[in-house]
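Visitor: coords please:
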Amino acid sequence: MHKKKIFGSGGLEGIAVTELTPGLAMNTGKAIATLLCRKSGRGVRVLMGKDTRISSDIIEAALCAGLMSAGADVVSLGVAPAPAVAYLTRHYGADGGIMISSPRGDVEKNAVRMFSGNGGRIPKDTMEQIEALVYGEREKLNMALKSGASVGRRTEEPGLIGYYIRHIRESGEKNLAGLKIAVDCANGAVCSTAQRLFTGLEAKVYLLNCQPDGVNVNRDCGVSHSVGLIEFMKENCCDCGLAFDADGGRCVAVVEEGNICDGDKLTAIFAGDMQERGVLKDNAVVVPASANVGFTFFAQGKGIKIVTSRSDSRYMTERLYDGKYSLGGEQSGRIYFPNISRMADGQLTAIQLLSVMKRTGKPLSELAAVMERYPQVMVNVKIDKRWKEAWKNNGDIEKVISECEKQLKGGGRIIVRESSKEPVIRVMVEGKRFDEANTMAMRIAKVVKQSTM
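Guide: Prediction:
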């Protein structure tokens, strides 16, 4: 029995080997195979991909041992982006898929993400069943073990990645000749696909941070560290810079002058383009409530409906598919095109962006100007557990928020909410001027702190 449970809504994540131990990974593999076999009543097949972390091989070996010991066949893709694993799980007709990668963080951390046979994230109740087997029903896990000819087999099929590359390539403009782009692969999973994808479209491509050594993933590179990409772009007069994270789910862009084009701006670019082409379903876009207020003003100006969701990929995809919408986006760089992919895909985002540039003939700086990004200030205030939910009825807090909202005069936004994971109240203020937003955020945070002592 593991003392620290590290299961989340989409899988398990922790410090590789010491928290996310080989034993835990093996038992998770047993649990996945057990549930899949129960559901299908036959032998099952699971696709598996991983990023470039040194620990990914250890976790893969343990997962494979657990899966095969419970009768599941494993098809290993090797190093592959998470969206590729999701797409190929469905394309290949597998019963499930697994990605070993933590998109954020350094080499110490790793994670196991799971996909259902349709290429989407596994349902929450299935995740809970897997966790229950791993932590509370060890006898059932042992009963699922196979022997002799009934154990699973492992095969390697890295060539399947070609189907994913073709799928992404065919989603946009067929020829990007004339565009000069710099691509930061974050020394992660995108290293296995970027060159074939982008050079296959005739663009002039420079690949940066595409020499993974097992420990340099996300190190001073990728979506969270764009200084090197910006400098390279300026020195080489590139039309566009693209940065990914370790598992390939997120993408942010850099315009010619070196400014960052985050997920909110990318979503605005795509929304405007899709609206003009008549393919923006219900003239609506799904974004989290935390999207920059500048996006709200952009959407209002275009007559685009905003559908809000909680800022989590599970809730985003549920809202997108429930409403059958065609576009969603998060500030972090997770952009959703549900008609093309079941999950946010950084390389799909990149191809769609380059396609807009090619189709319109406009530089990225002009495209990004459709939305003004407002300064945003976030302050976290720790509270005693007894104040959870109760703070919402405090008159002093309501008064200071109301006063600050009047001061903004509709030219900004204030969000004060409680964290779902810890006793913390998050105060977020957006306004046209940073100093004004910062003063308001600090003022509200001070009242919240005083009122919850």
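Visitor: could you list every residue that touches G172?
Guide: Residues near G172 by C-beta atoms under 8 Å, 6 or more residues apart in numbering: 351-352, 354-355. Quick note: C-beta positions are derived from backbone N, CA and C, even for glycine.
Visitor: can you rerun that using 6 Å?
Guide: Shown in contact with G172 (C-beta atoms under 6 Å, 6 or more residues apart in numbering): 351-352, 355.
Visitor: wait, a strand at it?
Guide: No. In this structure, G172 is coil, not part of a strand, as judged by DSSP: H, G, I helix; E, B strand; the rest coil.
Visitor: strands of the stretch 101-250 of the chain, start to end?
Guide: For the stretch 101-250 of the chain, applying DSSP state E, counting those that start in this stretch gives strands covering 109-116, 154-156, 180-184, 204-208, 240-244.
Visitor: can you say which of those is packed in most?
Guide: Between those, strand 240-244 has the highest mean count of neighbours, a mean of 28, where neighbours are mean count of other C-beta atoms under 10 Å.
Visitor: pLDDT of that one, averaged?
Guide: For strand 240-244, mean pLDDT is 97.
Visitor: can you give me the angle it makes with strand 180-184?
Guide: Interaxial angle, strand 240-244 versus strand 180-184 (axes from the mean of the first three to the mean of the last three C-alpha atoms, to 10 degrees): 20 degrees.
Visitor: could you shift the numbering so residue one becomes 764, and keep it that way?
Guide: Will do, 764 is the new start, and the previous item becomes strand 1003-1007.
Visitor: so what would you say the end-to-end distance of stretch 852-865 is?
Guide: End-to-end distance of stretch 852-865 (C-alpha to C-alpha, to the nearest Å): 19 Å.
Visitor: buried set for that stretch?
Guide: Under the neighbour-count criterion of 16 or more other C-beta atoms under 10 Å, stretch 852-865 has 852-853, 855, 857-865 buried.
Visitor: again with stretch 1037-1054
Guide: For stretch 1037-1054, burial by neighbour count (16+ other C-beta under 10 Å) applies to 1037-1038, 1043, 1046-1051, 1053-1054.
Visitor: same deal with stretch 1141-1151?
Guide: Of the residues in stretch 1141-1151, those buried by neighbour count under the rule 16+ other C-beta under 10 Å are 1142, 1144, 1146, 1150.
Visitor: point out the least confident one among the residues you listed.
Guide: Looking at those by pLDDT, the weakest one is W1150, with 83.
Visitor: that one and Q1213: what is the separation?
Guide: According to C-beta to C-beta, to the nearest Å, W1150 and Q1213 sit 12 Å apart.
Visitor: the one helix or strand D1198 maps to packs against which elements?
Guide: Element membership for D1198 (DSSP states H and E) is helix 1197-1214. On a contact count with 3 or more C-beta pairs under 6 Å, 6 or more residues apart in numbering; DSSP states H and E, helix 1197-1214 meets strand 1139-1145, helix 1158-1171, strand 1187-1194.
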